[in-house]
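This is a predicted model, with the sequence first.
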Amino acid sequence: MANINSEIKFNIELDENRVPEKLTWSAQDGGVQAEEAKAIMLSIWDSKVKETMRIDLWTKDMPVDEMKIFFHQTLVAMSDTFKRATDDEKMSDTMKDFCDYFAEKLELTK
């Protein structure tokens with residue numbers, strides 16, 4: 001069976017101070033072509049040194065209230081991913097409890 005490759009591309013337009021002004025991403029397999037985004041959080045595991053490398057970018061016009069929602073939704077998604085990856089339901093539930101606390105303190109709950 002042949003290997004299948006899939007590619008995700010990020011394009012970051014910077015101002016003269018190298019601050020992101022515009023972020024777009026494309027994922028041909030997902031039908032996404034140059035979709036605009038206001039923020040990107042990417043984690044990459046380097047198994048050789050057992051460290052996480054991070055790329056966290058956001059445009060200078062990303063509203064703070066949306067950044068708070070973005071963080072909350074990212075934390076909730078990480079809780080779900082942690083459960084699927086480790087099958088550790090107890091810790092996943094603990095993480096979700098923190099997500100609820102986070103949302104409450106930021107007054108994100110409706």
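Now that the structure is in, tell me what you want to look at.

For the most centrally placed residue in the chain, list the residues it contacts.
Centroid-nearest residue in the chain, with Cα atoms, centre = their mean: M41, separated by 3.8 Å. Residues near M41 by Cβ atoms under 8 Å, 6 or more residues apart in numbering: 54-56, 70, 74. Placement of C-beta: from N, CA and C, glycine included.

Now M53: phi and psi?
phi -100, psi 140 (degrees, to the nearest 10).

between the contacts of M41, which is nearest K48?
R54 (16.5 Å; Cβ to Cβ).

In this structure, where's the longest helix?
Ranked by residue count, the top helix of the chain under DSSP state H comes out as helix 64-86.

Report the backbone C-alpha coordinates of that one in CSV.
Coordinates of each C-alpha in helix 64-86 appear next as CSV, following Å, rounded to 0.1, in the frame of the first residue of the first chain:
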residue,chain,number,x,y,z
VAL,A,64,-9.3,39.9,24.1
ASP,A,65,-12.8,38.5,24.7
GLU,A,66,-12.4,36.1,21.7
MET,A,67,-9.0,35.1,23.0
LYS,A,68,-10.5,34.1,26.3
ILE,A,69,-13.1,32.0,24.5
PHE,A,70,-10.4,30.5,22.3
PHE,A,71,-8.3,29.5,25.3
HIS,A,72,-11.4,28.0,27.0
GLN,A,73,-12.4,25.9,24.0
THR,A,74,-8.7,24.8,23.5
LEU,A,75,-8.6,23.6,27.1
VAL,A,76,-11.9,21.7,26.7
ALA,A,77,-10.6,20.1,23.5
MET,A,78,-7.3,19.2,25.3
SER,A,79,-9.4,17.5,28.0
ASP,A,80,-11.2,15.4,25.4
THR,A,81,-8.0,14.6,23.5
PHE,A,82,-6.3,13.6,26.8
LYS,A,83,-9.1,11.2,27.5
ARG,A,84,-8.9,9.6,24.0
ALA,A,85,-5.1,9.4,24.1
THR,A,86,-4.7,8.0,27.6
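
Understood, closing this out.
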